[in-house]
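J.: okay, here's the prediction I keep looking at, along with the sequence it came from:
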Amino acid sequence: MADQAARDDGRGSGRRRRATPPPAVDGAGERASLAHRAGGGARNSLNAVTERLIDTAPRIRVRDLAALRRQFPGLGPEEIADGLVHAAVNGTAAVGAGVGAAAALPVPPAMTAELAAETLAVAAVEYKLIAELHEVYGLRAPGTATQRAVAYLGSWTQQRGIRLTSPASFDAALGGQLKRQLRRTLVRRFARNLPTLMPFMVGAAVGAVLNRRSTRALAEQVRTDLRAHQVPWDELSPPS
């Protein structure tokens, strides 16, 4: 009887062991958790980038038309604009190559920080480009440095020339709508930069190409829009 009970207990415990599945050992749960943490880190990084961009934009040095004409003597609007686009494209390509080369970093949160830094750096270069293109085409935004920054950030998110004409409306835009537009634009930019998370140097090449292509496309769209509303230089009033 004792032997029979032992066998029964053994079969019962075996059934109980089979009824309780062992912990997963294939790493799927760990990968899902890691992806979740990385996604949360990306959202937090993008929120921080949005606030940083809004805070930094008014302090980015934007050359006015007079300074640009001194730097590019004897050139007309299109020639100066070509020079500005060439410099910006090279700048964002260099940023993409630098972050792509850092893809050897082994820690995903560190890569999230690298991509957030790239996104902010590229946004700053493209913001400066858009602001100076407005100067070249005689469409300088009115208002204070902060109000102009809001207008040009809006131009960056919409990929077209500014539409706001009232400085007071710039302050209202800063409250909520602009931030939402900036976040959406930064999310798209962040997603486009994900291929830079490739093996060392492959990611660098991809990052450079993607940034170069994206900045050039943005510049062409904005320039096409600005040309349609261009103000000749001899009709401009001196800047206030």
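T.: Alright, I've got the coordinates.

J.: contacts, neighbours, all on C-alpha from now
T.: Noted.

J.: and stretch 65-82, which residues are buried?
T.: Neighbour-count burial for stretch 65-82, counted by 16 or more other CA atoms under 10 Å, picks out 65, 68-69, 77, 80-81.

J.: just the C-alphas of that stretch, formatted as PDB.
T.: C-alpha atoms of stretch 65-82 as PDB (Å, rounded to 0.1, in the frame of the first residue of the first chain):
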ATOM      1  CA  LEU A  65      19.400  89.500 -45.400                       C
ATOM      2  CA  ALA A  66      22.100  92.100 -45.100                       C
ATOM      3  CA  ALA A  67      24.500  89.700 -43.500                       C
ATOM      4  CA  LEU A  68      23.800  87.000 -46.100                       C
ATOM      5  CA  ARG A  69      24.300  89.500 -49.000                       C
ATOM      6  CA  ARG A  70      27.700  90.400 -47.400                       C
ATOM      7  CA  GLN A  71      28.700  86.800 -47.200                       C
ATOM      8  CA  PHE A  72      27.600  86.000 -50.700                       C
ATOM      9  CA  PRO A  73      28.500  89.200 -52.600                       C
ATOM     10  CA  GLY A  74      27.100  89.700 -56.100                       C
ATOM     11  CA  LEU A  75      24.700  86.700 -55.900                       C
ATOM     12  CA  GLY A  76      21.000  86.800 -56.300                       C
ATOM     13  CA  PRO A  77      18.300  85.100 -54.100                       C
ATOM     14  CA  GLU A  78      18.400  81.700 -55.900                       C
ATOM     15  CA  GLU A  79      22.200  81.500 -55.800                       C
ATOM     16  CA  ILE A  80      22.300  82.400 -52.100                       C
ATOM     17  CA  ALA A  81      19.500  79.900 -51.400                       C
ATOM     18  CA  ASP A  82      21.500  77.200 -53.200                       C
END
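
J.: hmm, who's touching that stretch?
T.: 132-133, 135-138 (CA atoms under 8 Å, 6 or more residues apart in numbering).

J.: now intersect the residues you listed with the helices, please.
T.: Among the contacts of stretch 65-82, the residues falling in helices (DSSP state H) are 132-133, 135-136.

J.: now those residues in a markdown table, with pLDDT?
T.: Below are these laid out as a markdown table (pLDDT from 0 to 100):
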| residue | pLDDT |
| --- | --- |
| E132 | 98 |
| L133 | 97 |
| E135 | 96 |
| V136 | 97 |
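
J.: same list (those residues) but as TSV, adding distance to L53 and neighbour count.
T.: Shown next, in TSV, are those (distance: CA to CA, whole Å; neighbours: other CA atoms under 10 Å):
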residue	distance to L53	neighbour count
E132	17	25
L133	19	28
E135	21	23
V136	23	28
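
J.: could you identify the most distant pair in those?
T.: With CA to CA as the measure, no two of the ones in helices among the contacts of stretch 65-82 lie farther apart than E132 and V136, at 6.3 Å.
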